[in-house]
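Chemist: sequence below, structure please.
(2 chains)
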Number of protein chains: 2
Amino acid sequence: MVKYKVKVEVWLKDNLVDAEGKMVEESLKDLGYNVQSVRVGKSYSFNLDLSNDSLVEKVVDEICRRLLANPVKDKYFFKVMRYEE
Amino acid sequence: MVKYKVKVEVWLKDNLVDAEGKMVEESLKDLGYNVQSVRVGKSYSFNLDLSNDSLVEKVVDEICRRLLANPVKDKYFFKVMRYEE
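Modeler: Numbering: from 1, shown residues only, chains lettered A, B, ... in the order given. Next up is the predicted model:
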């Protein structure tokens, strides 16, 4: 068994309007901050155990596509860190 | 005027139960993935213009406390990158 710590970020694709980001941007401007291009994303962190012959990048990509992100509207990034306890 | 790209991550504090993380964890287990300790956070990215005499860390910390995070229940991290256009 191999252990990984995984971090995933999911963002709306850049060409799509981020309504929540717009709201945050307006709120920040109302508070007096000079901000632009606010985008809001989701982050996931988790531990993942894999058998020795699994390909971690393939598995995490599958997790993103199946559950964490919608590839039609989202872009995602992930990083994996192997660890020993 | 000085320009920054800012990235903020907001997570529930570690000692608080992350209900959304639990749901994601159950879903991933149902799909056959061996995951533990799933946590869900929010990410923000934005551009910030500051006058030359502003302290960027102080301003971003203020933005986090006033709008993006609830210091009672959330922890947050941020990084800033100064850029020239």
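Chemist: can you give me the helices for chain A?
Modeler: For chain A, the helices defined by DSSP state H occupy A:19-30, A:56-63.
Chemist: any idea of the mean pLDDT for the longest strand along chain A?
Modeler: Longest strand in chain A by number of residues (criterion: DSSP state E): strand A:35-50. The pLDDT scores in strand A:35-50 average 98.
Chemist: would it count as contacting chain B?
Modeler: Yes - part of strand A:35-50 sits near chain B under the criterion CB under 8 Å from any CB of the partner chain, namely A:35-50. Where C-beta positions appear, they are placed from N, C-alpha and C, glycine not excepted.
Chemist: quick one: closest of the helices of chain A to B:Tyr76.
Modeler: With distances scored as CB to CB, the stretch of those nearest to B:Tyr76 is helix A:19-30 (14.0 Å).
Chemist: what angle do the closest one and helix B:56-63 make?
Modeler: 110 degrees (axes from the mean of the first three to the mean of the last three CA atoms, to 10 degrees).
Chemist: distance of A:Tyr4 relative to A:Ile63?
Modeler: 11 Å (CB to CB, to the nearest Å).
Chemist: the two - which one has more neighbours?
Modeler: Taking neighbours as other CB atoms under 10 Å in any protein chain shown, A:Tyr4 and A:Ile63 compare with A:Ile63 leading, 24 against 19.
Chemist: my guess is that one contacts B:Lys29, does it?
Modeler: No - the pair A:Ile63 and B:Lys29 fails to qualify as a contact (CB atoms under 8 Å) at a distance of 11.5 Å.
Chemist: quick revisit: by contact count, what packs against the longest strand of chain A?
Modeler: Judged by 3 or more CB pairs under 8 Å, 6 or more residues apart in numbering or on different chains; DSSP states H and E, the packing partners of strand A:35-50 are strand A:2-12, helix A:19-30, helix A:56-63, strand B:2-12, helix B:19-30, strand B:35-50.
Chemist: make TSV out of the ones you listed and add distance to A:Asp74.
Modeler: Formatted as TSV, the helices and strands packed on strand A:35-50 follow (distance: least, CB to CB, whole Å):
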stretch	distance to A:Asp74
strand A:2-12	5
helix A:19-30	13
helix A:56-63	13
strand B:2-12	17
helix B:19-30	15
strand B:35-50	13
